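Novice: fold the following.
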Amino acid sequence: MNNELGKMVDLYFDGELERGKEPILFSMLSQDEDARNYFKQLNSIKTNMDYTLEEFPKALDEKILRTVESSMKEKSTGLMNKKKFDVFVYATAVVFMFLSIFFYQKSEEHKIQFNDLTREVKEQNIKIDMLINSLPQIEVQGSFIRIKEVVVRPQS
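Specialist: Next up, the predicted model:
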């Protein structure tokens, strides 16, 4: 069975096939056995559907509404627990938000102090380098034969 024939059969049972194409459909069905079987299956489904359509009894509507009402009562007790849980979660989130703001401010204070100390250390290193460079050069003399003293004299 080709797709075009299957679409035509579907359109026929949906009531959307044009009247002029019905003879073409039936002539194609006479030539294709798979398409005929598909047509028969859809026809039996449509016939059985007509027999199964019954009006719902009014008592069924009442039963459904009572079931929904009782399930809503059961859920309402569950919702109270859910509401308490939601309040707890929101309160915890607010506490964590304030804690994070507090710790962020503290970290900023420590960052400023660290930058100040780093600047002071750099300044002290510059001063030490200047002091070392301002000292006069020295000459170390001595011999390596069992002498334990070393003489240091500045050059003038």
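Novice: state the mean pLDDT of the longest helix seen in the chain.
Specialist: Identified as the longest helix of the chain according to DSSP state H is helix 58-134. Taken as a whole, helix 58-134 has a mean pLDDT of 86.
Novice: report the distance from that helix to the chain centre.
Specialist: Centroid separation for helix 58-134 versus its chain: 19 Å, with Cα atoms, centre = their mean, to the nearest Å.
Novice: packing partners of it?
Specialist: If contacts are counted by 3 or more Cβ pairs under 8 Å, 6 or more residues apart in numbering; DSSP states H and E, helix 58-134 sits against no helix or strand. (Each C-beta comes from the backbone N, C-alpha and C, glycine too.)
Novice: what is the burial count for Lys21?
Specialist: By other Cβ atoms under 10 Å, the residues close to Lys21 number 13.
Novice: cool, Leu17 as well?
Specialist: Based on other Cβ under 10 Å, the number of other residues close to Leu17 is 17.
Novice: for it, what are its contacts?
Specialist: Leu17 makes contact with 8, 11, 25, according to Cβ atoms under 8 Å, 6 or more residues apart in numbering.
Novice: just the buried subset of those residues, written out for PyMOL, thanks.
Specialist: A single PyMOL command selects the buried members of the contacts of Leu17 (16 or more other Cβ atoms under 10 Å):
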select buried, resi 8+25
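Novice: how far does stretch 17-27 sit from the chain's center?
Specialist: What separates the centre of stretch 17-27 from the centre of its chain is 53 Å, taken as Cα atoms, centre = their mean.
Novice: how long is that stretch from one end to the other?
Specialist: Criterion Cα to Cα, to the nearest Å; first-to-last residue distance in stretch 17-27 is 15 Å.
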